[in-house]
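Visitor: here you go, sequence then predicted model.
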Amino acid sequence: MSSNASSPLPIVLQRARGRAEVTFRLREGATRLDRLHQEGQAKIRLPKVFGSEPTTAVLINTAGGIAGGDRIAWGARFGEGTRAAVTSQAAERVYRSSATDGHPAGVVDTRLVVEAGARAEWLPQETILFDGAALDRTLAVDLAEGASATIVEAIVFGRLAMGEEVETCRLVDRWRIRREGRLVFADTFRVEGAARVLLAGRATGGGARAFATVVVAEDGVEARIDAVREVIAEAASAAGASAFEGLLVVRLAAADPAVLRGDLVRLLMHIRRADLPRVWSC
């Protein structure tokens with residue numbers, strides 16, 4: 001009988017894998033569901049809409065959040081001439097991960113395809129990072145001729161109401177928007193290491209913990225810049241807007257996530273000329 005003690009087995013943590021895709025098509029003058037695919041923890045629901053509300057898809061992560069090593073992919077295709085919105089059931093949560101020590105981060109990949117003449121809206125609610133979180137996120141948007149899109153992402157570093165502080169984290173958030181195959185917008189927001197120290201600088205609002213970016217891609221959208229600046233001039237968040245080559249870009253930053261959310265809702269209602277999807281107020 002061997003006298004050697006058995007070595008303990010390494011701990012293998014379960015990782016979530018999910019993918020969900022939705023396709024819209026125009027049928028009898030109305031936007032209808034054409035295709036729906038979902039697997040793993042990634043789910044999509046299409047609630048009833050009323051009046052002038054666009055067809056709406058609601059994303060649901062049944063895992064309840066994202067941890068290091070999890071992977072989730074979202075996809076939406078807006079067929080020619082359609083009008084639809086994609087939102088999320090609630091704020092996404094990114095939990096503490098060993099990724100800050102060099103292990104894999106949680107990964108979220110999103111791809112939107114907007115065909116000719118379609119009007120797409122990507123309106124997820126906030127992504128909340130917890131202390132020690134690690135997230136690698138990519139958003140890729142492909143616009144055809146005459147297509148338009150309103151795209152928003154908001155990030156919160158810790159819930160102020162819960163007294164949470166994000167001392168360290170890893171976030172890499174990439175946006176790539178192409179129009180007819182040509183890259184027209186590229187942006188990467190990166191926070192790695194001592195988050196509180198990095199976010200204390202002037203470029204990030206001198207201690208802001210909540211950020212949002214809104215991009216409207218639409219022919220002639222530059223004409224709306226003055227009206228948008230009037231809206232954000234009344235915001236409590238630090239805010240700025242610019243417009244160029246068929247793009248309108250707005251940035252918001254605030255120390256209080258609730259303040260940022262209120263300003264973001266007012267801005268999006270102005271841009272959409274309508275209320276936000278009902279899940280935003282649930």
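Guide: In hand now; what should we look at?
Visitor: tell me, how many residues neighbour Asp187?
Guide: The tally of other residues near Asp187 (other CB atoms under 10 Å) stands at 14. No exception for glycine: its C-beta is placed from N, CA and C like everyone else's.
Visitor: tell me how far it lies from Leu129.
Guide: Separation of Asp187 from Leu129 (CB to CB, to the nearest Å) stands at 18 Å.
Visitor: over to Gly106?
Guide: With the distance defined as CB to CB, Gly106 ends up 10 Å from Leu129.
Visitor: likewise Leu123?
Guide: Taken as CB to CB, the span from Leu123 to Leu129 is 20 Å.
Visitor: what do you get for Asp256?
Guide: 16 Å.
Visitor: and if you look at Phe50?
Guide: Taken as CB to CB, the span from Phe50 to Leu129 is 35 Å.
Visitor: of the two, give the one with the bigger neighbour count.
Guide: Between Phe50 and Leu129, Leu129 has the larger neighbour count (other CB under 10 Å), namely 28 against 7.
Visitor: any idea which helix or strand in this protein has the lowest mean pLDDT?
Guide: Sorting the helices and strands of the chain by mean pLDDT, DSSP states H and E puts helix 195-198 at the bottom, at a mean of 85.
Visitor: quick check: mean pLDDT of whichever helix or strand comes after that one?
Guide: From helix 195-198 onward toward the C-terminus, using DSSP states H and E, the following helix or strand is strand 210-217. Averaged across strand 210-217, pLDDT comes to 97.
Visitor: starting from strand 210-217, tell me which strands it pairs with and how they run.
Guide: Strand 210-217 pairs in its sheet with strand 148-157 (antiparallel), strand 247-254 (antiparallel), by DSSP bridges.
Visitor: any chance of the ones you listed in a markdown table, with distance to Arg96, mean pLDDT and mean neighbour count too?
Guide: Output for these, formatted as a markdown table (distance: least, CB to CB, whole Å; pLDDT from 0 to 100; neighbours: other CB atoms under 10 Å):
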| stretch | distance to Arg96 | mean pLDDT | mean neighbour count |
| --- | --- | --- | --- |
| strand 148-157 | 13 | 97 | 22 |
| strand 247-254 | 24 | 97 | 22 |
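Visitor: reformat those strands as a markdown table; add distance to Val231.
Guide: Shown next, in a markdown table, are the strands paired with strand 210-217 (distance: least, CB to CB, whole Å):
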| stretch | distance to Val231 |
| --- | --- |
| strand 148-157 | 14 |
| strand 247-254 | 9 |
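Visitor: isn't Ala116 right up against Glu80?
Guide: Yes: using CB atoms under 8 Å, Ala116 is in contact with Glu80, at 5.0 Å.
Visitor: quickly list what's touching both of the two.
Guide: Common neighbours of Ala116 and Glu80, using CB atoms under 8 Å, 6 or more residues apart in numbering, are Ala144.
Visitor: list the buried residues of whichever strand or helix holds Arg190.
Guide: Arg190 is part of strand 182-194, with elements assigned from DSSP H and E. Neighbour-count burial for strand 182-194, counted by 16 or more other CB atoms under 10 Å, picks out 184-185, 189, 191.
Visitor: going by distance to Gly65, which of those residues wins?
Guide: Val191 (18.6 Å; CB to CB).
Visitor: angle of the longest helix along the chain against strand 148-157?
Guide: As assigned by DSSP state H, the longest helix anywhere in the chain is helix 257-272. For helix 257-272 against strand 148-157, the angle by axes from the mean of the first three to the mean of the last three CA atoms, to 10 degrees is 180 degrees.
Visitor: please state the offset of helix 257-272 from the chain centre?
Guide: Relative to the chain's own centre, helix 257-272 is displaced by 15 Å; criterion: CA atoms, centre = their mean, to the nearest Å.
Visitor: one more: stretch 110-126?
Guide: The answer for stretch 110-126 is 11 Å, by CA atoms, centre = their mean.
Visitor: can you check stretch 196-207 too?
Guide: Averaging C-alpha positions (CA atoms, centre = their mean) puts stretch 196-207 21 Å from its chain's average.
Visitor: from the rest of the structure, what touches it?
Guide: With CB under 8 Å, 6+ apart as the test, stretch 196-207 has contacts from 157, 165-167, 191-192, 208-209, 211, 238, 253-255.
Visitor: for it, measure first residue to last.
Guide: Start-to-end span of stretch 196-207 (CA to CA, to the nearest Å) is 7 Å.
Visitor: same deal with stretch 192-211?
Guide: 16 Å.
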